[in-house]
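[1] Pasting the sequence and the predicted model now:
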Amino acid sequence: MGSKSPEIASEQTFFDAAARHRARRRDGLAEVTAAAAHPGAAVHLKRYAGKAAEALGDNDEAVAFGRIDDESDDVLYIGRHVVLDERSEVLIANWQAPAAAPYFEASHVDRRGLVRKRSYQCDGNTIQDFTDVLFAQLAAAIDGPDQRLLDELARARTGEMRDIVATIQAAQFELIRAPMEQVLVIEGGPGTGKTAVALHRVSWLLFNNPDLVPEDVLVVGPNPTFMRYIGRVLPDLGDAEVLMRDVARLAPGVRRGRTEPAEVSRLKGEARLAGLLSRALRNRVGVPEPAERLLLGGRFVTVPGTELAEAMAVASAAELPYSQQRRLFWDRVNHLVSQRAGVDAAGAPAVTNLVDRLWPQQSAAAFLRDLFGSRARLSAAAGTEFTAEEVRQLHRQGADRLSEEVWSAADLPLLDELERLIDGPGRQYAHVVIDEAQDLSPMQLRAIGRRCAGGSLTLVGDLAQSTGSWARDDWAEVTDHLPAVHPVVIAPLRYGYRVPAQAYRLAARLLPVAAAGVTPPEVVRTGPAEPGIHRVSLTERAGRVVALAAAHAEKGAFVGIVCPARCRREVEAALADNGVGWSSAQRGELGGSVNLVSPQEAKGLEFDAVVVVEPEQIVAEDDRGHRLLYVALTRTTAYLDIVCVADPLPLTVPPQRRPPAANEGAALFTDRAVRRLADHLAGQLSGAAPRASWGAVLDEVRRVLDATD
Ligand SMILES: Nc1ncnc2c1ncn2[C@@H]1O[C@H](COP(=O)(O)OP(=O)(O)OP(=O)(O)O)[C@@H](O)[C@H]1O
């Protein structure tokens, strides 16, 4: 670095000067608030100053991360935030500015008019070193990852994702700046930067589309833990106002936590349910008596049923939500009654009662509880589109009080659908990002899609990681349920940045059985060690998991234990016995040095060191269990350990998941039968023993069954 010293010193002078301008601007913003003429103005100015200060970035942040020199020797410094001098000339351009684009786009194939691209390594605003790419000398070079990127990828992780502005790669930048008017599906293997790209895309679109404001953008992810993990990226890029929601939080606020058999939640996720709900709501509109008698001002007025029926038909034909059609009907009834009574009937209790009876007011939750609670209503709305068995599956006893009704995850999009049917579209957004989109049910996709006013969407996902009731093999199965305003463009990301080669080699062996058609990413880096495979006895298993996790944590690593449900209790007990503190993704936490996550919760997350517990059990946990294991094995940025009694890398399909051979069908105990029996046994267990003893009972059952074998 010695020969670079004079250059670093001169660059530092520029960095210091820019930092002074930034600080001066910040001070100026503080004075703006003080200058307010009255308290009301002060509130507005304070808000303005707060936003403007956010757009300046932190005082201890480097003013720039890179610079580009073009063929005319013009130099442009690029940072996370723009820095202006006292004449408002740009000293440092922000990364989203069009002038900064060549920094990300230039390669040896197309150098975009640049002669040099410089990246700085800084500690705060102090330059430690820089790396130059001199394009003229790069003629024959390969466009591989540069040192700056590799250093960045090797840094230790925490429970929060960071921005990648300084090291965005050309292929990623292309997607970040892709036009808004499309349904852009960013697909790619684990750790290819899909989530990072989608978030930076939001920031880029906001900067480059003056009509788009942060409040017009919605980012939807799979669960609260994931949302917390990605939650800092946009605020750090200066876009704190973008709404970030896990998919369940889109639904109305109701009591959650009902569990139900997988086949029921799968059924509730189907798009057919939208039709059923719509018909059920329509069926709530009654039929008038041949002559309706109303007591008005002490005398009876009779309105013929045919006139009311006609008023209903007119209101029903209006392309309006239920409650507005009801309002229309009410107006017409007022008119009809007023005409006959010769007085203004508006607001008369008799009219209100008639309207309430014929066109009852509805709330989504009360309506759905009553619908599920009535086989007759379900059957009427089901028509010929559902079998009697499906109606039976939907039917359930509702709680006496609505506030006591507990709703399942699959109920939530149905409540959301009903709210829209009843009250019309709610808040809409100009651009919507859906992360981990490959797993969402059609009803969940509808809930997100109707929030997307103009159909401009960015989807993020990987079919090889698609699991659960809605495991997909084709993106059309997802995009078919979203607004079809713009064309769908599927854009792959090719390079794997997270997972080191040694760990990925192992995980990739699952692909032929997990997702045969999927192309694996090209991994850009090697890790510090080969995966550790630890075969243990059943009694040793949990202890070994905890010992490995604790050893990584002691060295300062951010550790994830990816544990199937069946082993969770024993691992929790071993963590407690060994005095190892841990955070649980189940409780929405992440950020302790040791974190316990299920394979499903692990999606999208990453850790310095990952300990995967009993792969065979992970495979058994899902119809696409090999994909779940693939997810588990690809969460590491450095170290991977597998602790198992059985096969560390089961490559065959477990017997219960095998499709039946021709002569085997009748005898096979199907998945559905397995789930039904499990539900039955779970019901028995929960009724017979306190929760704290369930684990012990199940262990004992396993022991007895093993002995029977
Ligand atoms: N250009 C880049 N510069 C620095 N880090 C990067 C870059 N691209 C990706 N990364 C890092 O690689 C890791 C994986 O990124 P990300 O989580 O976005 O990948 P993903 O494709 O969404 O993964 P998964 O499929 O597992 O959800 C993150 O730590 C991210 O910061």
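    Thanks, I have it. This structure is a prediction, so every number in the text was calculated from the model and none was measured.

[2] mean confidence score for the longest helix seen in the chain?
    Across the chain, the longest stretch assigned as helix under DSSP state H is helix 5-34. In this model, helix 5-34 has a mean pLDDT of 86.

[3] centre of the chain versus that helix, how much separation?
    In this view, helix 5-34 has its centroid 38 Å away from the chain centroid, taken as Cα atoms, centre = their mean, to the nearest Å.

[4] and residue 392, how many residues sit next to it?
    14 (other Cβ atoms under 10 Å). The way it works is simple: take the backbone N, C-alpha and C, and place the C-beta from them, glycine included.

[5] thinking again about what came up before, other SSEs contacting the longest helix of the chain?
    Judged by 3 or more Cβ pairs under 8 Å, 6 or more residues apart in numbering; DSSP states H and E, the packing partners of helix 5-34 are helix 39-54, strand 83-84, strand 90-94, strand 126-134.

[6] Worst mean pLDDT among those?
    Looking at the helices and strands packed on helix 5-34, the weakest mean confidence is helix 39-54, a mean of 68.

[7] from this structure, which residue is nearest to the ligand?
    In the chain, the residue that lies nearest the ligand is residue 193 (3.1 Å; Cβ to the nearest ligand atom).

[8] how near is that residue to residue 170?
    In this view, residue 193 and residue 170 are 12 Å apart by Cβ to Cβ, to the nearest Å.

[9] again, but for residue 624
    33 Å.

[10] who has more neighbours, the two?
    Using other Cβ under 10 Å, the more surrounded residue of residue 624 and residue 170 is residue 624, with 22 against 15.

[11] and that one, what is it in contact with?
    466-468, 471, 514 (Cβ atoms under 8 Å, 6 or more residues apart in numbering).

[12] try 10 Å this time
    464-468, 471-473, 513-515, 630, 657 (Cβ atoms under 10 Å, 6 or more residues apart in numbering).

[13] Most neighbours out of those residues, which is it?
    Comparing the contacts of residue 624 by number of neighbours (other Cβ under 10 Å), residue 464 comes first, having 30 neighbours.

[14] nearest residue to that one other than its sequence neighbours?
    Spatial nearest neighbour of residue 464, excluding adjacent residues (Cβ to Cβ, 6 or more residues apart in numbering): residue 515 at 3.7 Å.

[15] my guess is that neighbour meets residue 627, correct?
    Yes. The pair residue 515 / residue 627 is scored as a contact, 6.4 Å apart, by Cβ atoms under 10 Å.

[16] what helix or strand does residue 458 sit in?
    Element membership of residue 458, judged by DSSP states H and E, is strand 457-461.

[17] What residues of that strand count as buried?
    By neighbour count on 16 or more other Cβ atoms under 10 Å, the buried set for strand 457-461 is 457-461.

[18] would JSON lines of those residues with pLDDT and distance to residue 381 be doable?
    Formatted as JSON lines, the buried residues of strand 457-461 follow (pLDDT from 0 to 100; distance: Cβ to Cβ, whole Å):
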{"residue": "457", "pLDDT": "98", "distance to residue 381": "30"}
{"residue": "458", "pLDDT": "98", "distance to residue 381": "35"}
{"residue": "459", "pLDDT": "98", "distance to residue 381": "31"}
{"residue": "460", "pLDDT": "97", "distance to residue 381": "35"}
{"residue": "461", "pLDDT": "96", "distance to residue 381": "33"}
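
[19] okay, these in CSV with distance to the ligand next?
    Output for these, formatted as CSV (distance: Cβ to the nearest ligand atom, whole Å):
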residue, distance to the ligand
457, 17
458, 12
459, 12
460, 6
461, 8
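
[20] Show the contacting residues for the residue of the chain closest to the ligand.
    Counting by Cβ under 10 Å, 6+ apart, residue 193 has contacts 164, 167-169, 171-172, 175, 186, 200, 493, 495-498, 521.

[21] looking only at pLDDT, what's the mean for stretch 62-72?
    Averaged across stretch 62-72, pLDDT comes to 92.

[22] Show me which residues of that stretch are buried.
    For stretch 62-72, by 16+ other Cβ under 10 Å, it's 62-69.

[23] what residues does the stretch 551-700 of the chain put near the ligand?
    604, 606 (Cβ under 6 Å from any ligand atom).

[24] quick one, helices of the stretch 551-700 of the chain?
    Here the stretch 551-700 of the chain has its helices, by DSSP state H, counting those that start in this stretch, at 565-577, 615-620, 625-633, 671-688, 691-708.

[25] Distance from the chain centre to the second one, please.
    I take that to be helix 615-620. On Cα atoms, centre = their mean, the centre of helix 615-620 falls 24 Å from the chain's centre.

[26] Now do the shared contacts for residue 515 and residue 627.
    With Cβ under 10 Å, 6+ apart, residue 515 and residue 627 have common neighbours 462-466, 471.

[27] quick one: contacts for residue 366?
    By Cβ under 10 Å, 6+ apart, the neighbours of residue 366 are 398, 402, 405, 418.

[28] Make a ChimeraX selection of the buried ones in these.
    In ChimeraX, this line selects whichever of the contacts of residue 366 come out buried by 16+ other Cβ under 10 Å:
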select :398,405,418
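
[29] so which two of the contacts of residue 366 are the farthest from each other?
    The span of those, defined through Cβ to Cβ, is set by 398 and 418 at 14.6 Å.

[30] what's residue 103 sitting at in phi/psi?
    Here is the backbone geometry of residue 103 (degrees, to the nearest 10): phi -60, psi -40.

[31] Mind putting the shared contacts of residue 515 and residue 627 into CSV with pLDDT?
    Listed next are those as CSV, based on pLDDT from 0 to 100:
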residue, pLDDT
462, 94
463, 94
464, 93
465, 94
466, 93
471, 91
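
[32] Those residues: which ones sit near the ligand?
    462, 465.

[33] In CSV, list the shared contacts of residue 515 and residue 627 along with secondary structure.
    Shown next, in CSV, are those (DSSP: H, G, I helix; E, B strand; the rest coil):
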residue, secondary structure
462, coil
463, helix
464, helix
465, helix
466, coil
471, coil
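
[34] Give me the nearest residue to the residue nearest the centre of the chain, chain neighbours excluded.
    In the chain, the centroid-proximal residue (Cα atoms, centre = their mean) is residue 221; its distance is 1.0 Å. Leaving aside its chain neighbours, residue 221 sits nearest to residue 435 (4.5 Å; criterion: Cβ to Cβ, 6+ apart).

[35] Quick one: name the residues of the stretch 401-550 of the chain near the ligand.
    Applying Cβ under 6 Å from any ligand atom, we find that the stretch 401-550 of the chain lies next to the ligand at 462, 465, 497-498.

[36] same thing but 5 Å
    Residues of the stretch 401-550 of the chain found near the ligand (Cβ under 5 Å from any ligand atom) are 462, 497-498.

[37] Adding neighbour count, write those out as CSV.
    Shown next, in CSV, are these (neighbours: other Cβ atoms under 10 Å):
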residue, neighbour count
462, 28
497, 24
498, 24
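
[38] where does this protein have its least confident helix or strand?
    helix 39-54 (a mean of 68; mean pLDDT, DSSP states H and E).

[39] Could you list the low-pLDDT ranges of the stretch 551-700 of the chain?
    Residues of the stretch 551-700 of the chain meeting the criterion pLDDT under 70: 653-676, 679-680.
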